[in-house]
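Asks: need coordinates for the following:
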Amino acid sequence: MALKLVMGLGLLVDAGIVILLIAISGFVFGGPEGARGEASAVMGWASTLGITLLSPAMGLWMWRRGRRDLALAMVWLPPLAFMLGLSLGL
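Replies: Numbers count the residues shown, from 1 in each chain. Have a look, this model is predicted:
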């Protein structure tokens with residue numbers, strides 16, 4: 001029961017990070033009309049969004065296969081990396 005709660009909380013936090021990334025995409029892309037931002041910023045944003053979407057999806061897949069420890073690690077990887085980046089000022 002507690003593992004399901006931690007897993008669900010991790011999925012909610014991942015969804016919040018995805019919403020945040022989409023909300024700041026206009027600043028990265030230089031406006032709503034396209035990817036006119038700096039190439040490294042656009043690539044960094046795209047890879048961050050991809051990892052934030054794929055990591056919980058793979059975590060759910062591992063959960064269904066019975067690898068609950070690996071699933072929790074995969075779901076909580078993006079939020080922990082986000083907090084580490086904020087603490088380091090990146």
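Asks: give me the residue at the spatial middle of this protein.
Replies: Nearest to the mean C-alpha position of the chain, by C-alpha atoms, centre = their mean, lies T52 at 2.3 Å.
Asks: pull the distance from the worst-scoring helix or strand of the chain on mean pLDDT to the chain's centre.
Replies: For the chain, counting by mean pLDDT, DSSP states H and E, helix 25-29 ranks last in confidence among helices and strands (a mean of 75). Relative to the centre of its chain, helix 25-29 is centred 17 Å away, using C-alpha atoms, centre = their mean, to the nearest Å.
Asks: what comes up buried for it?
Replies: Using 16 or more other C-beta atoms under 10 Å as the test for burial, helix 25-29 gives 25, 28-29. Glycine gets a C-beta too; all of them are placed from N, C-alpha and C.
Asks: what does the stretch of helix or strand V75 belongs to contact?
Replies: V75 is located in helix 68-88, with elements delineated by DSSP states H and E. Outside of helix 68-88, the residues within contact range by C-beta atoms under 8 Å, 6 or more residues apart in numbering are 3, 6-7, 10-11, 13-14, 17, 51-52, 55-56, 58-60, 62-63.
Asks: which among those residues end up buried?
Replies: With burial judged by 16+ other C-beta under 10 Å, the buried subset of those is 7, 10-11, 13-14, 17, 52, 55-56, 59, 62-63.
Asks: of the buried residues of helix 25-29, just say which sits nearest to S40.
Replies: V28 (10.3 Å; C-beta to C-beta).
Asks: how about I19, secondary structure?
Replies: helix (DSSP: H, G, I helix; E, B strand; the rest coil).
Asks: check what pLDDT it gets.
Replies: Note on I19: pLDDT of 92.
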